[in-house]
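**Student:** With the sequence up front, the predicted model follows.
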Amino acid sequence: MAEAGKIKLYDFASSPNCQRVKVVLEEKKLPYETIPIDLRKGDQKKPDYLKLNPYGKVPVVIDGSAVLYESCIINEYLEDKYPQTSLMPKDPVKKAKVRILTDYGMNHLDGPYQKLRMEKMKDEKERNQETIDAATKELKNLLQRFEREIGDQPYLGGDFSLVDADLIPRFLRLEGFGVLPDPSLPKLGTYLKRMKERPSVKVIM
């Protein structure tokens, strides 16, 4: 049975969408319990689950009477509801910048990221090396934006913020795919090392 008062996270452990929510829950030190949803068995398409999330995806967060889905929106909710450990700048311009960088990392990188992911999921003999090379090159070009944004800051928005939590699952996968680290992205490489030292990120690794 679910424990009263705890946030419930309907979770598939290797899902980046679940992982970015976990990072925020850990950063805010909010008590939560995970309810496993096995995507391989199609748990996310069962009628009871579709009542919680009509998109048939993970995660879902239940917090009291609130039933929420879409990971970046969940993280915005957690920031608004539990501001004691703030993960957003107070300054409206900096706050908007965090959202712009999140959008860039989630949406503008998505085309080549998904192409690369699909190839890497294939058996090695069936992979198309030209597709892999083209997607890798495009991703490295797109990641230059983050290289510039970090500058001399420790994190993408200056202090650790939602953009770091939202994008770290993607950066970890890019490392797994061999896109990062790269000599053309030294600051991003240093940033990734710093991120991997955070206890919240160790939870999802």
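**Tutor:** Cool, the structure landed. Residues are numbered from 1 along each chain as shown.

**Student:** if you count residues, which helix in this protein comes out on top?
**Tutor:** Taking DSSP state H as the criterion, the chain has its longest helix at helix 129-150.

**Student:** Which helix or strand lies directly C-terminal to that helix?
**Tutor:** Beyond helix 129-150 on the C-terminal side, the first helix or strand identified by DSSP states H and E is helix 162-176.

**Student:** Render the CA-only coordinates of that next one in PDB, please.
**Tutor:** Extracted as PDB, the C-alpha positions of helix 162-176 are listed here (Å, rounded to 0.1, in the frame of the first residue of the first chain):
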ATOM      1  CA  LEU A 162      15.700  23.000 -13.200                       C
ATOM      2  CA  VAL A 163      17.500  23.100 -16.500                       C
ATOM      3  CA  ASP A 164      20.300  21.000 -15.000                       C
ATOM      4  CA  ALA A 165      17.900  18.500 -13.600                       C
ATOM      5  CA  ASP A 166      15.800  18.400 -16.800                       C
ATOM      6  CA  LEU A 167      18.700  17.800 -19.100                       C
ATOM      7  CA  ILE A 168      21.100  15.600 -17.100                       C
ATOM      8  CA  PRO A 169      19.400  12.300 -18.200                       C
ATOM      9  CA  ARG A 170      20.000  13.400 -21.800                       C
ATOM     10  CA  PHE A 171      23.600  14.400 -21.200                       C
ATOM     11  CA  LEU A 172      24.300  11.000 -19.500                       C
ATOM     12  CA  ARG A 173      22.900   9.200 -22.600                       C
ATOM     13  CA  LEU A 174      25.000  11.400 -24.900                       C
ATOM     14  CA  GLU A 175      28.000  10.300 -22.900                       C
ATOM     15  CA  GLY A 176      26.900   6.600 -23.300                       C
END
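
**Student:** OK, contacts around the residue of the chain most remote from its centre?
**Tutor:** In the chain, the residue that sits farthest from the middle, by C-alpha atoms, centre = their mean, is residue 125; the gap is 29.8 Å. Neighbour list for residue 125: empty [criterion: C-beta atoms under 8 Å, 6 or more residues apart in numbering]. Using the backbone N, CA and C atoms, a C-beta is placed for each residue, glycine as well.

**Student:** try residue 21
**Tutor:** Neighbouring residues of residue 21 by C-beta under 8 Å, 6+ apart: 9, 59, 61, 71, 74, 75, 78.

**Student:** now what about the longest helix of the chain, what contacts it?
**Tutor:** For helix 129-150, with C-beta under 8 Å, 6+ apart as the criterion, the contacting residues are 101, 104-105, 108-109, 111-113, 115-116, 119-120, 156, 174, 177-180, 182, 184-188, 191.
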